[in-house]
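S.K.: What would the 3D arrangement of this be:
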Amino acid sequence: MNSTALPSTLDEVALPQKLPPLVLVAFTRPELLQEVLKGIQAQSLLPQQIIAFVDGARKPADQGLIDQCVQLLQAFSSCVPVKVIARSQNLGCDRNVISALTEVLATEESLIYLEDDTVPAPHFFDRMCRLLVAYRDQPDIFSVSAYANLPDGMDSLAQQDLMVSNRFFALGWGLWADRWQSIGLIDRPPAFNPFGQFHHIPATVQTKLTLVNQFWLEKNGHTDWVITTTLAALDRGMRHVITTQSMVRNIGFDHPEAKTYRGKEPAWVNARYNPDYRPNRLPIGTTLPAALAQPLSGVELAQYLLHQGLWLSPRALLSFWQRYPDWPSRMAFGRLFVKRLLVMVRRLRQGRPV
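M.R.: Model prediction:
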């Protein structure tokens with residue numbers, strides 16, 4: 001669905017007189033935040049305002065690190081005006097981010113988002129601002145992102161500057177107030193999944209990754225605002241425009257204060273980072289590339305789930321059998337169920353979710 005004609009390039013998109021605010025979320029990693037601020041200072045187009053949200057302390061030892069973050073942000077006001085919102089209590093990552101986005105978009109038409117471990121390349125803010133203008137009147141586009149992560153075997157898509165994606169990437173991105181408000185996450189429970197359970201999520205070469213992530217969240221009793229946002233947009237048929245090379249670099253792995261990115265940095269995380277990248281040519285239309293829109297067969301999905309270490313409860317098995325009624329698919333899911341049966345039984349005995 002296209003509401004208005006799209007330009008061919010970002011260079012022909014005029015910047016608005018009032019730029020969207022840059023929302024920056026920080027917590028207990030002042031040394032990483034300092035690198036992010038250096039990246040912001042080096043932008044070819046500086047933000048007019050930064051709105052920084054710093055979550056409250058989880059434990060007494062956090063307060064000193066939080067104070068350092070606040071001091072860095074206040075000092076940065078000599079470069080770009082910074083409004084610091086320091087939470088009086090710890091909201092947790094998910095609630096802090098969702099609340100921050102909701103608060104800003106209650107008065108702003110759009111925003112651009114960074115976290116304290118995401119260093120922007122010099123053209124990041126300029127390109128994000130222009131993308132927000134270009135796709136403002138395309139209601140089927142939920143977000144624009146400066147992070148590139150293409151499925152295996154899809155390198156041909158990288159011949160474009162930007163592409164339409166069925167997957168939401170939260171490492172340096174932007175969106176509009178009406179899109180954010182349409183999914184209403186501020187009023188949803190933390191573990192919200194509009195599809196109900198992981199086995200109801202539509203599976204393509206992109207969304208199979210989200211399906212697996214949601215599986216582990218359900219089985220471990222965890223939540224992740226990025227996965228929840230991905231599912232909410234997917235449920236409403238909204239897509240994303242992403243760069244095919246990354247204009248952001250993640251530096252958060254192996255940090256003692258890391259919540260999500262623990263351990264050494266995987267090779268894929270910054271594999272497509274290009275500090276000189278300046279995307280210009282826009283994709284034609286807002287539909288997914290055919291290779292990304294094609295649903296996986298039941299056999300392909302079952303083999304992928306087995307490779308990822310998943311198991312199936314009887315309910316999940318029946319659900320997949322209903323969605324993929326052909327015999328090869330039913331047999332593939334049946335083999336997955338049998339091969340991983342001991343894992344499910346062991347978890348049942350431990351009183352853990354299956």
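
S.K.: Show me where the protein has its strands.
M.R.: For the chain, the strands defined by DSSP state E cover 22-26, 50-54, 82-86, 110-115, 118-120, 141-145, 162-165, 173-176, 239-243, 248-250.

S.K.: Put together TSV for these, with distance to residue 318, mean pLDDT and mean neighbour count on each row.
M.R.: The way it works is simple: take the backbone N, C-alpha and C, and place the C-beta from them, glycine included. Compiled in TSV, these are given as follows (distance: least, Cβ to Cβ, whole Å; pLDDT from 0 to 100; neighbours: other Cβ atoms under 10 Å):
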stretch	distance to residue 318	mean pLDDT	mean neighbour count
strand 22-26	41	98	25
strand 50-54	43	98	22
strand 82-86	47	97	17
strand 110-115	40	98	24
strand 118-120	41	98	25
strand 141-145	32	98	26
strand 162-165	31	96	23
strand 173-176	37	98	24
strand 239-243	30	98	25
strand 248-250	39	97	23
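
S.K.: so where's the stretch 151-300 of the chain shaky on pLDDT?
M.R.: Along the stretch 151-300 of the chain, segments meeting pLDDT under 70 span 254-263.

S.K.: ok, back up a step: can you tell me which of the strands of the chain comes nearest to residue 71?
M.R.: When the strands of the chain are ranked by distance to residue 71, counting by Cβ to Cβ, first place goes to strand 82-86 at 9.6 Å.

S.K.: how about residue 69, what does it touch?
M.R.: By Cβ atoms under 8 Å, 6 or more residues apart in numbering, the contact list for residue 69 reads 26-30, 33, 54, 116.

S.K.: any idea which of those residues is closest to residue 224?
M.R.: Sorting the contacts of residue 69 by distance to residue 224 puts residue 27 at the head of the list, at 15.8 Å, by Cβ to Cβ.

S.K.: number of nearby residues for the nearest residue to that closest one once chain neighbours are set aside?
M.R.: The shortest distance from residue 27 to any non-neighbouring residue, by Cβ to Cβ, 6 or more residues apart in numbering, is to residue 55 (5.0 Å). By the criterion of other Cβ atoms under 10 Å, residue 55 has 25 neighbours.

S.K.: Residue 55 touches residue 94, doesn't it?
M.R.: No. At 10.6 Å, residue 55 and residue 94 do not qualify as touching, with contact defined as Cβ atoms under 8 Å.

S.K.: circling back: redo the strands of the chain as JSON lines? Include distance to residue 69.
M.R.: What follows is the strands of the chain, written out as JSON lines (distance: least, Cβ to Cβ, whole Å):
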{"stretch": "strand 22-26", "distance to residue 69": "5"}
{"stretch": "strand 50-54", "distance to residue 69": "5"}
{"stretch": "strand 82-86", "distance to residue 69": "9"}
{"stretch": "strand 110-115", "distance to residue 69": "12"}
{"stretch": "strand 118-120", "distance to residue 69": "15"}
{"stretch": "strand 141-145", "distance to residue 69": "24"}
{"stretch": "strand 162-165", "distance to residue 69": "31"}
{"stretch": "strand 173-176", "distance to residue 69": "21"}
{"stretch": "strand 239-243", "distance to residue 69": "28"}
{"stretch": "strand 248-250", "distance to residue 69": "18"}
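
S.K.: hmm, back to that, which among the contacts of residue 69 end up buried?
M.R.: Among those, those that count as buried by neighbour count (16 or more other Cβ atoms under 10 Å) are 26-30, 33, 54, 116.

S.K.: Now go through the residues you listed and say which are in helices.
M.R.: Counting by DSSP state H, the part of these found in helices is 30, 33.

S.K.: what distance separates the start and the end of stretch 277-287?
M.R.: Across stretch 277-287, the straight-line distance between its terminal residues is 24 Å, by Cα to Cα, to the nearest Å.

S.K.: what comes into contact with it?
M.R.: Outside stretch 277-287, the residues touching it (Cβ under 8 Å, 6+ apart) are 1-2, 6-11, 121, 123, 127, 134-135, 138, 140-141, 160-164, 239, 241, 243-247, 293.

S.K.: who's in contact with the closest residue in space to residue 313 that isn't next to it in sequence?
M.R.: Setting aside the residues directly before and after it, residue 313 is nearest to residue 354 in space (Cβ to Cβ, 6+ apart), at 4.8 Å. Contact analysis of residue 354 by Cβ under 8 Å, 6+ apart lists 219, 311, 313, 344, 347-348.

S.K.: One more: residue 205?
M.R.: Contacts of residue 205 were listed using Cβ under 8 Å, 6+ apart, and they are 151, 154, 291-292, 294, 296.

S.K.: again, but for residue 210
M.R.: Neighbouring residues of residue 210 by Cβ under 8 Å, 6+ apart: 167, 201, 227, 230-231, 234.

S.K.: quick one: the helices in the chain?
M.R.: For the chain, the helices identified by DSSP H occupy 30-41, 62-75, 93-105, 124-134, 177-183, 207-220, 225-235, 290-293, 298-307, 314-323, 327-339, 341-350, in order along the chain.

S.K.: and among those helices, the most buried is which?
M.R.: Looking across these with neighbours counted as mean count of other Cβ atoms under 10 Å, the highest average goes to helix 124-134: a mean of 24.
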